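> Here is a sequence together with a model predicted from it:
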Amino acid sequence: MEGTFSDHSFKFLLVLLALSSYINFSSAGRQIAPQSSTEFIRTSCSSTTYPKLCFESLSTRSSLIQTSPQLLAHAALDVTLSNAKSTSAMMLTLSKSHGMKPREVQAMQDCVEELGGTIDELKNSISEMDKIKGSNFGLMINDIQTWVSAALTDENTCSDGFQGNNMNGNVKTAVRIKVLTIAHLTSNALALVNNYASLHG
């Protein structure tokens, strides 16, 4: 029936969401790293707004991060970018599904556009992080902070598009879970970038 989103479709969507989150957080492999690396990540994540998510999303990369604040911030940006890409692709597919209201389709498409901005800003941040050097550190880290903050704004704008009682509850819930996760990852990444910047202040 037009304007509805079937329970079967929603359950399938939730399975896809869970699987994509698992893949994003686990894709770096599970090499055994020294305890100091894991503890470094746990301690660093304790200063973020969402420490549990921070540790869960980065602990699988502990052997790559070691005890480097720069590599930690870089990994946080990379994890966030990976999640933003998978969510954008999922929403683009969902917007083409049958049985969605025109308002829901429009909100999906608007959100994909906002997430496109997020993806570009995170890519810019990662590229700048790769090239960061002592002589231009202040200017480059400021660019990174600006881009990550802009990404967070884009994500909030995306989420705002799904407010209102005339939106399908299942669609709103599914989108909110994914977009909030990206926003929380972005917030954590910004905190870790700021921590890295403070060491050079």
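Cool, the structure landed.

> When you work out contacts or count neighbours from here on, use the C-alpha atoms and nothing else.
Fine.

> after the helix or strand of the chain with the lowest mean pLDDT, next one along is what?
Least confident helix or strand of the chain, by mean pLDDT, DSSP states H and E, is helix 7-26 with a mean of 53. Next along the chain after helix 7-26, taking DSSP states H and E as the criterion, comes helix 35-45.

> and the following helix or strand past that following helix with helix 35-45, angle?
Per DSSP H and E, the first helix or strand lying C-terminal to helix 35-45 is helix 51-58. Interaxial angle, helix 51-58 versus helix 35-45 (axes from the mean of the first three to the mean of the last three C-alpha atoms, to 10 degrees): 140 degrees.

> taking the mean pLDDT, what do you get for helix 51-58?
The average of the pLDDT scores along helix 51-58 is 97.

> elements contacting the helix or strand just after that helix?
Next along the chain after helix 51-58, taking DSSP H and E as the criterion, comes helix 62-65. Helices and strands touching helix 62-65, by 3 or more C-alpha pairs under 8 Å, 6 or more residues apart in numbering; DSSP states H and E, are helix 35-45, helix 69-95.

> which outside residues touch the shortest one?
Yep, that's helix 35-45 we're talking about. Helix 35-45 is contacted by residues 51-52, 54-55, 58-59, 62-63, 65-67, 72, 188, 192 when judged by C-alpha atoms under 8 Å, 6 or more residues apart in numbering.

> Turn these into a markdown table, including neighbour count and distance to Ser82.
Shown next, in a markdown table, are the contacts of helix 35-45 (neighbours: other C-alpha atoms under 10 Å; distance: C-alpha to C-alpha, whole Å):
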| residue | neighbour count | distance to Ser82 |
| --- | --- | --- |
| Pro51 | 19 | 19 |
| Lys52 | 12 | 18 |
| Cys54 | 26 | 14 |
| Phe55 | 23 | 16 |
| Leu58 | 24 | 13 |
| Ser59 | 22 | 16 |
| Ser62 | 28 | 17 |
| Ser63 | 18 | 19 |
| Ile65 | 22 | 17 |
| Gln66 | 19 | 21 |
| Thr67 | 18 | 22 |
| Leu72 | 25 | 15 |
| Asn188 | 26 | 15 |
| Leu192 | 25 | 17 |
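
> Gly116: which of those residues is nearest?
Checking the contacts of helix 35-45 against Gly116 by C-alpha to C-alpha gives Asn188 as the nearest, at 19.7 Å.

> Quick check, the closest one in contact with Lys52.
No. With contact defined as C-alpha atoms under 8 Å, Asn188 does not reach Lys52; the gap is 10.3 Å.

> That concludes my questions; thank you for your assistance.
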